[in-house]
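Student: Fold the stuff below for me.
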Amino acid sequence: MDQTTQLNALEAECELFASQCKDASPVKPRIAAWGLVKAGKSSLLNMLSGHASEEHFLTGDVRITRMNQTLELDDYVLVDTPGLGYDKDDTQQAEQGLDTADVVLFVHAPPGELDQEEVSLLDQLRNAYGQDVGERVVLVISQLDKLQDADLATVQGTIERQALIHLGTAPECFVISNTRFKSGVEKNKQGLCEKSGIPQLALHLKALSNNLTHSLVNARKQRQARRTQALCERIDAAIAQEIKLIAQITEPYVVKAEAFIEQLDGARRTFKTHTTDMQNARTKLDSLK
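Tutor: Model prediction:
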């Protein structure tokens, strides 16, 4: 990305942030599902919102969510974000969802631990929420049916260690199965629903949102202050880079101009000397008359 493109992107980001700060935020906490493409975010939000059979957040074999979508429930507002890492526009939408989220469901689909891109997202969450990151981020390992219990325990342990390293704290972690919960709902089997992990996560989010309600305005102000500082630092860095670039572009011409001025000064001194000599010679000639 060239300098002009970077400056335009930074300007657009600042304008968006300013508009977000002006908008009246909902009284209820905003809970955003965040993660890579096909991690099961939309399906999870359908299960949490009572749309196990009739989807509110569309799902499919290919990526469906390309814009942030919201759904207001009794205790909080759910935000479905596009999968990160697919393309620039999707990632930008997802990051806008993060900007206004009070809680993030960080959704990971096995097999395996968090990859480098997901680890970078954890770092981003730590910067966004500061010392509150422990209660503002909830780890969700989806698609538990794809792993044996021993493998699942290993994956969960590794992911929790990664979160501890990159978040600086150990957030709550839930292992869930959207398909198991949906099957339990459709077959009216409460035991199957309980084994999906979804009810336990729903209870945690309800308690978390109730605890956050009283401190929501102050927490949002603190998050906005951190974001403002980060943007100001990026603007200062961009200005410094622009000044450096201008200096690099103009330096050859400055050197040439300085050399040209020196030549002019030299010619002026030489001309003055020659003029003085000629005037002296003229004076001598005049004295001979």
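Student: And Ile159, how far from His108?
Tutor: 6 Å (CB to CB, to the nearest Å). C-beta coordinates here come from the backbone N, C-alpha and C atoms, glycine included.
Student: so Phe174 sits in a helix?
Tutor: No - using DSSP: H, G, I helix; E, B strand; the rest coil, the secondary structure at Phe174 is strand, not a helix.
Student: Between Ile159 and His108, which has more neighbouring residues?
Tutor: Neighbours per residue (other CB atoms under 10 Å) separate Ile159 from His108, with His108 holding more: 25 against 22.
Student: what's the spacing between the closest residue to that one other than its chain neighbours and Gln241?
Tutor: Distances taken as CB to CB, 6 or more residues apart in numbering place Ile141 nearest to His108, at 5.6 Å, with adjacent residues excluded. Distance, Ile141 to Gln241, by CB to CB: 41 Å.
Student: Tell me which of the two has more neighbours.
Tutor: Set Ile141 next to Gln241 and count neighbours by other CB under 10 Å: Ile141 wins out with 24 against 13.
Student: pretty sure the more buried one contacts Val155?
Tutor: Yes - counting by CB atoms under 8 Å, Val155 is a contact partner of Ile141 at 6.9 Å.
Student: Pull up the overlap in contacts between those two.
Tutor: Taking CB atoms under 8 Å, 6 or more residues apart in numbering as the contact rule, Ile141 and Val155 both touch Pro110.
Student: hey, what's the residue nearest to His108 bridged with?
Tutor: Bridge pairing for Ile141 (DSSP bridges) gives the partners His108, Val175.
Student: Overlap of the contact sets of Ile159 and His108?
Tutor: Counting by CB under 8 Å, 6+ apart, the shared contacts of Ile159 and His108 are Leu114, Leu139, Ile141.
Student: quick one: the last one and Ile198, what's the gap?
Tutor: Noted for Ile141: a distance of 13 Å to Ile198, by CB to CB.
Student: okay, and the common contacts of these two?
Tutor: Ile176.
Student: List the residues that contact the closest residue in space to Gly130 that isn't next to it in sequence.
Tutor: Closest residue to Gly130 apart from its sequence neighbours, by CB to CB, 6+ apart: Arg226 at 5.9 Å. The contact partners of Arg226, by CB under 8 Å, 6+ apart, come to Asn127, Ala128, Gly130.
Student: mind putting those in a markdown table, distance to His56 included?
Tutor: Below are the contacts of Arg226 laid out as a markdown table (distance: CB to CB, whole Å):
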| residue | distance to His56 |
| --- | --- |
| Asn127 | 31 |
| Ala128 | 26 |
| Gly130 | 32 |
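Student: most neighbours, which of those residues?
Tutor: Most neighbours among those, by other CB under 10 Å: Ala128, with 20 neighbours.
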